[in-house]
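In: got a sequence here, can you build the structure:
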Amino acid sequence: MNKKVTCTAALTLILVFAVACGQKPLTGADPQSSSSNTVDSSNNTATDNEKDNTTDSVTTANPPAKATDTDSNTNTDSNTNTNTKEGDGTLTSEGNTAAEKMQSETITAYYTDPEVMELHKAQQEIQYSNDIEKYKAAFKTLQIDSNPDLIPLWGMVELKSLTSTHGDISMDIHLPDEARLGSGGEMFALDALYNTLFQFEEVKSIDLTVDGKSTESLMGHVELEHPMVRD
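Out: Next comes the predicted model:
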């Protein structure tokens, strides 16, 4: 009797255990299903995000096209400005070229003879692009001459500066000792300078200084006027 009760109790426990074990897989399946659903939801969310990102990407892709149009307009304006500047530069260059165009002119220059007895004149050709260069070139003709019978009276003199304002010429020279002449040579030198520069009609006066100073005489023999004016 006791053995039957014991067996019955054992079978009952086995059945209870079996029922309990049979329910656990069902309970464990729920997390998997939930996990699967979660993954699907995540996948769906990821897919939605990808769609949103794709949409955002397409949306943000449009502005660069506008920026390109702006750049194109900017480049067009830049090119226009460059062309305008280049055009201005060309006009300026042409103006400078016209202003600096060299001119040739035959003038009369004055010299003395080897005995310094009288003043002689000779034709010389000068080239210049403006009045200042013209006066400098004219003065240079008084310093050299290829004719052995004509002696330059200003050959040893250094021209330091020459300016002109409305026909009034200011000249500054350096006069070394070897350039100094006697009274006759000094008079001829001043006459040569006077006649050479006053042949230009626009010249009204000549103020000659030595090393920046207004001296009473050029070489100590003949009075030097400040300025010399046309007769």
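
In: show me the strands in the protein, by range?
Out: Taking DSSP state E to define them, one finds strands in the chain at 103-112, 119-128, 158-165, 168-174, 205-210, 228-229.

In: and the first one, what's buried?
Out: Residues I107, A109, Y110, Y111, T112 are the ones in strand 103-112 that count as buried (16 or more other C-beta atoms under 10 Å). In short, each C-beta sits where N, CA and C put it, glycine included.

In: pLDDT weak spots in the protein?
Out: 1-99 (pLDDT under 70).

In: just the helices from it, written as ranges.
Out: 2-99, 131-141, 183-197 (DSSP state H).

In: packing partners of the second one?
Out: Taking 3 or more C-beta pairs under 8 Å, 6 or more residues apart in numbering; DSSP states H and E as the contact definition, the neighbouring helices and strands of helix 131-141 are strand 103-112, strand 119-128, strand 158-165, helix 183-197.

In: and among those, the most buried is which?
Out: Of all the helices and strands packed on helix 131-141, helix 183-197 has the most neighbours on average by mean count of other C-beta atoms under 10 Å, namely a mean of 19.

In: tell me which other helices or strands that helix touches.
Out: strand 103-112, strand 119-128, helix 131-141, strand 205-210.

In: can you say which of the ones you listed is nearest to D172?
Out: Proximity to D172 (C-beta to C-beta) singles out strand 205-210 among the helices and strands packed on helix 183-197, at 4.8 Å.

In: what angle do strand 158-165 and that closest one make with each other?
Out: Interaxial angle, strand 205-210 versus strand 158-165 (axes from the mean of the first three to the mean of the last three C-alpha atoms, to 10 degrees): 150 degrees.

In: about what we covered before: redo the helices and strands packed on helix 131-141 as CSV? Include distance to I144.
Out: Shown next, in CSV, are the helices and strands packed on helix 131-141 (distance: least, C-beta to C-beta, whole Å):
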stretch, distance to I144
strand 103-112, 10
strand 119-128, 9
strand 158-165, 13
helix 183-197, 13
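
In: nearest to N147, out of these?
Out: The nearest among the helices and strands packed on helix 131-141, by C-beta to C-beta, is strand 119-128 at 6.6 Å.
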